[in-house]
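Student: Just to be clear, the model below is a prediction. Sequence and coordinates:
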Amino acid sequence: MTTQTPWPEHTLARYLTVGGATVDIDELNMSRCTGCNEDDSDDRFVSRGNPLRRARRWAQSHAETCRAMPKPA
């Protein structure tokens, strides 16, 4: 377990990756990994329906496999 850090402003949800980084969903329903810096931009252009649901799905899937460690402060 890693030490919990404060959530950035405008963050709606946060997922812990395998490597200890986080995937954050912001108020625009965009997901971004704080370890590898990958985001869900490709999914936004092809996905329809509920944007928050899509962002959560991507964040959960990415967090389950990403081994990038958090960037140093």
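Tutor: Cool, got the structure.

Student: so who does the residue nearest to the spatial centre of the chain touch?
Tutor: For the chain, V23 is the residue whose C-alpha lies nearest the centre (CA atoms, centre = their mean; 2.2 Å). By CB atoms under 8 Å, 6 or more residues apart in numbering, V23 lies in contact with R14, Y15, T17, S31, R32, C33, T34, A59, H62, A63, C66. Bear in mind the C-beta positions are built from the backbone N, C-alpha and C, glycine included.

Student: Just the closest of those to R48, please.
Tutor: S31 (16.7 Å; CB to CB).

Student: so what's that closest one scoring on pLDDT?
Tutor: Model confidence at S31, given as pLDDT, is 95.

Student: just the one 3 residues further on next, same as before
Tutor: Listed pLDDT for T34 reads 95.

Student: Can you name the residues that contact it?
Tutor: By CB under 8 Å, 6+ apart, the contact set of T34 is A21, T22, V23, D24, P70, K71.

Student: in the sheet, who's paired with the residue nearest to the centre of the chain?
Tutor: Taking DSSP bridges as the rule, V23 bridges to Y15, C33.

Student: ok so, going back, just among the contacts of V23, which is most surrounded?
Tutor: Ranked by neighbour count (other CB atoms under 10 Å), the contacts of V23 have S31 at the top, with 26 neighbours.
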